[in-house]
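> The following comprises the amino acid sequence and a computationally predicted model.
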Amino acid sequence: MKPLRLLLLGAPGSGKGTQTSKVLKDFSHIKAISSGDILRQQINAQTNIGKEISRYIKNGSLVPDEIMARLLETELQRRRWLNRDASWLLDGFPRTFTQASKLDEVLGKSGANLNQVVELDVDQKVILQRIEARWIHLPSGRVYNLDYNPPKVPFKDDITGEPLSKRSDDNAETFQKRLDIYNSEIGPLRDYYKPKNIFHTISGNSSDIIYPQLSRYLSEKFGS
Ligand code: G5P
Ligand code: MG
């Protein structure tokens, strides 16, 4: 398979995390970073940065670009992903024009810029309900939904048996704010990536409709 450096874009609740876990299962050499998971783990561990960012997440605002760019650069270095042979997927970063150009600067130094951006296009009317029924396993980022993919034992993680938790930003009011921010940031991001000819949109109101399209697309372009 050709090296894949993929950004998954999509509204809150569109299924970025869900698609990511399906990709990781089927394409075993691909690794992933979720920016939201990294931030929540910092908050949970009560690091200095965790203390600084928790209020942004709780009220649905974006964490400032400089903090995000620094965190992600550190994570990419730590994982040794800044090279042309690594295959990976980013869920949730970049999500502003400034973050996108900053990431290109960092990746460009090793000649390993993003080579695919996929936007998940899901009707925003269907996603609030998903968010209200979401439970997560914080240490791993595994995501459940009481209707769509419930845990085998209620409110327990399938793998570790540890308790699941609710995200502090998964309520109707904060969700609307996150959605509004997404809708204002996505235009400049599309404008940034489309001229690079790496931008592709997949539409569908269920993750089970989106995933076969995503999997086929990645296999055709990058090999399975
Ligand atoms: P996050 O954590 O990146 P969002 O808002 O981008 O958060 P979110 O909410 O994590 O995205 P998702 O990953 O797109 O959504 O969706 P998901 O978790 O897979 O699916 C949502 C729910 O629906 C789950 O319960 C799932 O099981 C269920 N589901 C999936 N598919 C279906 C389906 O087909 N049908 C049904 N019924 N259910 C389904 O970012 C959080 C915060 O961190 C900060 C910001 O404050 C942000 O608000 N942050 C950043 N700030 C600045 N810059 C960045 N780059 C940042 N990244 C994060
Ligand atoms: Mg997510």
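Perfect, I can see it now. Numbers count the residues shown, from 1 in each chain. Ligands and ions are numbered 1, 2, ... in the order given.

> Which pLDDT value goes with whichever residue of the chain sits closest to ligand 1?
Nearest residue of the chain to ligand 1 (C-beta to the nearest ligand atom) works out as G36 at 1.9 Å. From N, CA and C alone the C-beta is placed, and that goes for glycine too. With respect to pLDDT, G36 has a value of 97.

> That one against L71, yeah?
No - if you go by C-beta atoms under 8 Å, G36 and L71 don't touch, sitting 11.5 Å apart.

> helix or strand right after the helix or strand of the chain at the bottom of the mean pLDDT ranking?
Ranking every helix and strand in the chain by mean pLDDT, DSSP states H and E puts helix 127-132 at the bottom, with a mean of 92. Note on helix 127-132: by DSSP states H and E, the next helix or strand toward the C-terminus is strand 134-137.

> so for that following strand, what's the average pLDDT?
The average pLDDT for strand 134-137 rounds to 97.

> Report the spatially nearest residue to K51, omitting neighbours in sequence.
Leaving aside its chain neighbours, K51 sits nearest to I43 (7.9 Å; criterion: C-beta to C-beta, 6 or more residues apart in numbering).

> Give me the distance between the host helix or strand of the one you found and the centre of its chain.
I43 is part of helix 35-44, with elements assigned from DSSP H and E. With C-alpha atoms, centre = their mean, to the nearest Å as the basis, helix 35-44 stands 12 Å off its chain's centre.

> name the helices or strands packed onto the helix or strand following it?
The first helix or strand that comes after helix 35-44 along the chain, using DSSP H and E, is helix 48-58. When contacts are defined as 3 or more C-beta pairs under 8 Å, 6 or more residues apart in numbering; DSSP states H and E, helix 48-58 packs onto helix 35-44, helix 65-78.

> the inter-axis angle of helix 48-58 versus helix 35-44?
If you take axes from the mean of the first three to the mean of the last three C-alpha atoms, to 10 degrees, helix 48-58 sits at 120 degrees to helix 35-44.

> anything in helix 48-58 near ligand 2?
No - judged by C-beta under 5 Å from the ion, helix 48-58 makes no contact with ligand 2; its nearest approach is 12.1 Å.

> Please report how far the spatially most central residue of the chain lies from A32.
A centroid search over the chain (C-alpha atoms, centre = their mean) returns D91, at 2.1 Å, as the residue closest to the centre. Going from D91 to A32 by C-beta to C-beta, to the nearest Å gives 6 Å.

> what touches both of those two?
In the contact map built from C-beta atoms under 8 Å, 6 or more residues apart in numbering, the residues linked to both D91 and A32 are T20.

> what about this structure, any weak spots by pLDDT?
Along the chain, no part satisfies pLDDT under 70.

> Can I get the least confident helix or strand of the chain as CSV, trimmed to CA atoms?
Extracted C-alpha coordinates of helix 127-132, given in CSV (Å, rounded to 0.1, in the frame of the first residue of the first chain):
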residue,chain,number,x,y,z
ILE,A,127,-26.5,14.1,14.6
LEU,A,128,-27.8,15.8,17.8
GLN,A,129,-29.6,12.6,18.8
ARG,A,130,-26.3,10.6,18.3
ILE,A,131,-24.4,12.9,20.6
GLU,A,132,-27.0,12.7,23.4
